[in-house]
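J.: can't give you the sequence, but here's the structure:
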């Protein structure tokens, strides 16, 4: 594969060492077709000097040389490269003994070629080593790549662990802030209710009663009055006060349905739905299990959900009929509110702007219950709430 | 005739006293500012008619009503309240009151009511009478399928008879999906999940 890369500087380095100029020239000539960077040397010392710090693909060493022989050179070459052994081909003379060859293997030799060399044999042997070198380079590259990946993986793993811990803690934070919000919401609602109760009591008890007294006094004045003009005026004022009393009553009710405390859930629903039916011209049918024993919290929530749902019916549904079912089933209160209107789309249900729906769901959730809204387009809407009677709700 | 007024507002009591004084035959008018006061007055003195408010400082007027009915059944009670809902009237009548008036009632009507009650009759406004009737009507028909609309009832009968959604759709000239929506609605209202349960309900209630 290196053959295509003639222009590349990174050609494999091939070291040839022979003390004989002619032999060296011959070798250079034979090896010329190879895509290699030839490093030629005439002695062991020169070879070591020229190849210092150079990665060698193959070394072709003459065994018999004055001074440092091939075997010693081979040892030194490989000693300088403890991590990657250089394959070495020794060029031997016919008369070299087997003992000598053995020492050649010991000094790190890979192969022997007898001089004078057969060109083809030499070339093909070197090609094999070059191929091996190529493969080795690839392996090293792959290995480096793998190491890099492993390192990156480790980094990702660490950061993942960190972010996991972060996620966990932020989820915990979210959960706790959600709980806090629910608690806060409940608290605020309780405060509002208390305040409403106080205001409505004042309205009812003080303003209402004072007005009643004024009206009674007027009646007495009227009885003792002979002037027909004056009687007419008194009647007018009396009628006016009557109107004011009615608005005080209405205000009181809006602020706080005392009827819920005084008469219980069933009567409160009866009253509210009857008034609703009259106002809206929408028929309301009730199916309420009598005497459901539930806490004030639950009664209040059921009542408010009905109020909210009926408000939605008037505003959005175009319905002509509403059915309300309230039952006690297996330690839970089941409330269903149907209308026969245009229904509600999935989009409207999920919309962030559906504060009414969100607030209804939250009311149910604050008592450990659930609230679902169903309604395909055209099939009317169903509000379904289930509130458990345990958790001290009973 | 002896009348007891139980209301926590002195000005209201004063006004009522002046109006009631016009009635012929009224021999004494007692006043109580709380439930307890009224009960202790009744212990020492008998009254023919009692005007009773619901919102009292110590206890609910409906409670006082029950106690008086129990201990002094001869005292006839006319509720007089600021609370406009007929449900209060219905509850009060159930607990033994002879009438229920709201405080925006004219003096003339109040006097009429007192006379009627003193004579042993009941005094009901038209609106209270209607609510009472609605109430009876609703409670008399407590069958599960009463809540179904006419169309829903019709489809329930067909479903109970074993007809498929497609068949019902064809018969009523509506889409199969519409029938399916009706079916879901019927099941929710009837609190059932299966057609066989529907069939069973219809057979048990002799609807098919």
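T.: All right, it came through fine. A quick note: this is a predicted structure, and the numbers were derived from the prediction, not measured. Residues are numbered from 1 along each chain as shown, chains lettered A, B, ... in the order given.

J.: switch to C-alpha atoms for all contacts and neighbour counts from now on
T.: Fine.

J.: now tell me which helix or strand of the chain has the poorest mean pLDDT.
T.: Just so you know, I chose chain A. When each helix and strand of chain A is scored by mean pLDDT, DSSP states H and E, helix A:98-106 comes last, with a mean of 69.

J.: ah, no, chain B please
T.: helix B:126-140 (a mean of 80).

J.: name the residue of chain A that lies nearest to chain B.
T.: With Cα to the nearest Cα, the shortest gap between chain A and chain B falls at residue A:213, namely 4.5 Å.

J.: look up which residues are beta-bridged to residue A:326.
T.: residue A:288, residue A:335 (DSSP bridges).

J.: show me the contacts for the residue of chain B at minimum distance from chain A.
T.: Distance from chain A to each residue of chain B (Cα to the nearest Cα) is smallest for residue B:12, at 4.5 Å. By Cα atoms under 8 Å, 6 or more residues apart in numbering or on different chains, residue B:12 lies in contact with A:209-210, A:212-213, A:216.

J.: mind redoing it with 6 Å?
T.: Going by Cα atoms under 6 Å, 6 or more residues apart in numbering or on different chains, residue B:12 touches residue A:213.

J.: how close does it sit to residue B:60?
T.: 18 Å (Cα to Cα, to the nearest Å).

J.: kindly report the same for residue A:383.
T.: Distance from residue A:383 to residue B:60, by Cα to Cα: 35 Å.

J.: the more surrounded of these two?
T.: Per other Cα atoms under 10 Å in any protein chain shown, whichever of residue A:383 and residue B:60 has more neighbours is residue A:383, with 20 against 15.

J.: identify the bridge partners of the more buried one.
T.: Judged by DSSP bridges, the bridge partners of residue A:383 are residue A:337, residue A:373.

J.: what residues does chain B put near chain A?
T.: Taking Cα under 6 Å from any Cα of the partner chain, the part of chain B that reaches chain A is made up of B:11-12, B:15, B:104.

J.: return the residues in contact with the residue of chain A closest to chain B.
T.: So residue A:213 contacts B:11-12, B:15 (Cα under 6 Å, 6+ apart).

J.: among these, which lie within helices?
T.: B:11-12, B:15 (DSSP state H).

J.: return the backbone torsion pair for residue A:37.
T.: phi -100, psi 110 (degrees, to the nearest 10).

J.: now residue A:34
T.: Here is the backbone geometry of residue A:34 (degrees, to the nearest 10): phi -80, psi 150.

J.: and it, what pLDDT?
T.: Looking at residue A:34, its pLDDT reads 86.

J.: neighbours of it, just the number please.
T.: Neighbours of residue A:34 using other Cα under 10 Å come to 19.

J.: contacts for stretch A:322-337, please.
T.: Counting by Cα under 6 Å, 6+ apart, A:284-289, A:338-339, A:382-389 sit against stretch A:322-337.

J.: quick check on the residues you listed: which are buried?
T.: A:284-288, A:338-339, A:382-389 (16 or more other Cα atoms under 10 Å in any protein chain shown).

J.: where's the residue nearest the centre of chain A, which helix or strand?
T.: Nearest to the mean C-alpha position of chain A, by Cα atoms, centre = their mean, lies residue A:167 at 8.9 Å. Per DSSP states H and E, residue A:167 falls inside helix A:119-202.

J.: can you name the next helix or strand after that helix?
T.: helix A:209-223.

J.: I'd like the next helix or strand past that next one.
T.: helix A:228-255.

J.: can you list the domains in the chain?
T.: In the absence of a named chain, chain A is used. A:9-117, A:179-250, A:276-388 (automatic domain parsing).

J.: that's the wrong chain, I wanted chain B
T.: According to automatic domain parsing, the ranges for chain B are B:2-139, B:144-204.

J.: roughly how far is the longest one from the heart of the chain?
T.: I take that to be domain B:2-139. 16 Å (Cα atoms, centre = their mean, to the nearest Å).

J.: what number of residues lie near residue A:217?
T.: Residue A:217: 21 surrounding residues under other Cα under 10 Å.

J.: tell me the contacts of the closest residue to it other than its chain neighbours?
T.: Using Cα to Cα, 6 or more residues apart in numbering or on different chains and skipping residues adjacent in sequence, the residue nearest residue A:217 is residue B:15, 5.6 Å away. By Cα under 6 Å, 6+ apart, the contact set of residue B:15 is A:213, A:216-217.

J.: avg pLDDT for stretch B:114-123?
T.: The model assigns stretch B:114-123 a mean pLDDT of 93.

J.: what residues sit buried inside it?
T.: So for stretch B:114-123, counting by 16+ other Cα under 10 Å, buried means B:114-115, B:117-118, B:122-123.

J.: so which of these sit within helices?
T.: B:114-115, B:117-118.

J.: and which of those is nearest to residue B:172?
T.: Of all those, residue B:172 sits closest to residue B:117, with 56.8 Å by Cα to Cα.

J.: secondary structure element for the residue lying closest to residue B:96 once chain neighbours are set aside?
T.: Spatial nearest neighbour of residue B:96, excluding adjacent residues (Cα to Cα, 6+ apart): residue B:69 at 6.7 Å. Here residue B:69, judged by DSSP H and E, is contained in helix B:61-71.

J.: what's the next secondary structure element after that helix?
T.: According to DSSP H and E, the helix or strand after helix B:61-71 is strand B:76-81.

J.: ok, residues contacting that following strand?
T.: With Cα under 6 Å, 6+ apart, strand B:76-81 has contacts from B:49-54, B:97-103.

J.: adjacent strands (with direction) for that strand?
T.: When DSSP bridges is applied, strand B:76-81 pairs with strand B:49-52 (parallel), strand B:99-102 (parallel).

J.: how about a markdown table for these, with mean pLDDT and mean neighbour count added?
T.: Formatted as a markdown table, these follow (pLDDT from 0 to 100; neighbours: other Cα atoms under 10 Å in any protein chain shown):
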| stretch | mean pLDDT | mean neighbour count |
| --- | --- | --- |
| strand B:49-52 | 96 | 26 |
| strand B:99-102 | 92 | 25 |
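
J.: got any ranges where the stretch 251-394 of chain A has weak pLDDT?
T.: Scanning the stretch 251-394 of chain A with the threshold set as pLDDT under 70 gives A:352-353, A:376-378, A:391-394.

J.: so where's the stretch 51-200 of chain A shaky on pLDDT?
T.: In the stretch 51-200 of chain A (pLDDT under 70), the answer is A:94-101, A:104, A:107-110.

J.: can you rerun that using 90?
T.: Along the stretch 51-200 of chain A, the model assigns pLDDT under 90 to residues A:51-58, A:60-200.

J.: hmm, back to that, now the domains of chain A as a markdown table including distance to residue B:160?
T.: Shown next, in a markdown table, are these (distance: least, Cα to Cα, whole Å):
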| stretch | distance to residue B:160 |
| --- | --- |
| domain A:9-117 | 88 |
| domain A:179-250 | 45 |
| domain A:276-388 | 21 |
